[in-house]
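In: Sequence first, predicted model second:
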Amino acid sequence: MKHVGILAHSAEGSSLCYLTLCHAGSSKLGDHMHPDITMSTIPMGLSMSDWEQENLVPIRARLVKSAERLSAAGCDFFVCPDNTAHLALESNGPELQLPGLHIADVVTTEARRQGYRKLGILGTKWTMTKPMYFEAAQRKGLQAVAPNEMDRRYINEVIFSELCKGVFTDVARAKHVRIIDSLKASGCEAIVLGCTEIPLLISSESSPLPTLDSTRLLAHYALEVALGAQDLPNWRGGPAN
C-alpha cells in the first residue's frame with residue numbers, strides 16, 4: 001500500500017478526512033487496518049491575516065513546508081482537506097516535493113460520474129468567488145454557480161466563527177438548507193460541500209439537493225490510490241489541468 005500524507009490546514013476538516021480514511025480502510029482491509037497515514041499541520045491562524053489580504057505567497061510557503069515534512073516521512077502522495085488552501089497551492093511557486101490529489105478535480109470527477117450537470121458551490125468567500133471550482137467544473141463539461149453575495153458573506157462568517165471551532169448549530173443548519181433551496185430553484189442538481197467543515201453541519205439527509213462531500217470524497221479517492229485501484233496523481237502544485 002502507498003503511504004498517504006495529509007497536508008492539513010484547518011483542524012475539523014483534516015480530522016474528518018483522517019477518520020474517513022481510517023474507517024474506509026477498515027471496511028476494505030479488515031478491522032483496525034488502513035494505509036500508513038502521516039499528517040502535517042501548521043496552525044491555520046498563522047495564515048488568516050494573509051488570507052484576508054489575499055497574500056498567497058506566505059500561505060503557499062507554509063503549505064510547501066508541510067509537503068516537505070510529508071515527503072521526508074516517506075509519503076507517496078498527499079491530500080489537502082482544505083478547499084481554499086488549493087488556491088494557494090495553485091499559485092506560482094516551486095513544485096511540491098510529492099504529488100497530490102486536487103480536491104476540486106476529485107469532486108467534479110465524481111459529479112460527472114453521477115451525471116450532474118449544474119453544481120452549487122458552498123465554501124469560504126474565496127472558494128465561492130475564485131475560479132478554481134468553476135474552472136474544474138468547466139473542464140468536466142459541467143456548470144458551477146455560487147450563492148448570492150449576502151449568502152456568501154453568511155456562509156463565510158459561519159465557517160470561521162463556528163464550524164472551524166467545532167460549533168454546529170441548528171440555526172446555521174437551517175440557514176444553509178435555505179441557501180441550498182435557493183440554488184435548487186436556480187437549476188442546480190447537486191451541491192458541493194466545498195469547505196471541509198460543512199459536511200459536519202449538512203448531511204445528505206438534511207440537504208434539499210444531493211451532496212458532493214469534498215472531505216469524504218477526497219479520503220475515499222485517496223484510499224483507492226493507496227490500494228493501487230487508481231494511479232498516483234501527478235499534480236505538484238501550480239495551475240490544475
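Out: That came in fine, so what should we check first? Residues are numbered from 1 along each chain as shown.
In: center of this structure - which residue?
Out: The centre of the chain sits closest to residue 83, judged by Cα atoms, centre = their mean, with a distance of 3.8 Å.
In: and that residue, what is it in contact with?
Out: Shown in contact with residue 83 (Cβ atoms under 8 Å, 6 or more residues apart in numbering): 103-104, 123-124, 127, 132-133, 194-196, 214. All C-beta atoms are positioned from the backbone trio N, CA, C, and that covers glycine.
In: likewise residue 103?
Out: When contacts are counted by Cβ under 8 Å, 6+ apart, residue 103 touches 79-83, 86, 214, 218.
In: Show only the entries of these found in helices.
Out: 86, 214, 218 (DSSP state H).
In: Adding distance to residue 75, write those residues out as CSV.
Out: Listed next are those as CSV, based on distance: Cβ to Cβ, whole Å:
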residue, distance to residue 75
86, 18
214, 21
218, 15
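In: where do the helices sit along this structure?
Out: 11-29, 48-52, 56-72, 85-90, 103-113, 125-129, 132-139, 149-161, 170-185, 214-226.
In: any idea which of those helices is most buried?
Out: Highest mean neighbour count of these: helix 85-90, a mean of 25 (counted as mean count of other Cβ atoms under 10 Å).
In: just how off-centre is that helix within its chain?
Out: Mean-position distance between helix 85-90 and its chain equals 11 Å (Cα atoms, centre = their mean, to the nearest Å).
In: and if you look at stretch 55-67?
Out: Relative to the chain's own centre, stretch 55-67 is displaced by 17 Å; criterion: Cα atoms, centre = their mean.
In: One more: stretch 54-65?
Out: Distance of stretch 54-65 from its chain centroid, counting by Cα atoms, centre = their mean, is 17 Å.
In: again with stretch 14-21
Out: The chain centroid and the centroid of stretch 14-21 are separated by 11 Å under Cα atoms, centre = their mean.
In: What is the neighbour count of the closest residue to residue 39 other than its chain neighbours?
Out: Leaving aside its chain neighbours, residue 39 sits nearest to residue 6 (4.1 Å; criterion: Cβ to Cβ, 6 or more residues apart in numbering). Using other Cβ atoms under 10 Å, residue 6 is surrounded by 24 other residues.
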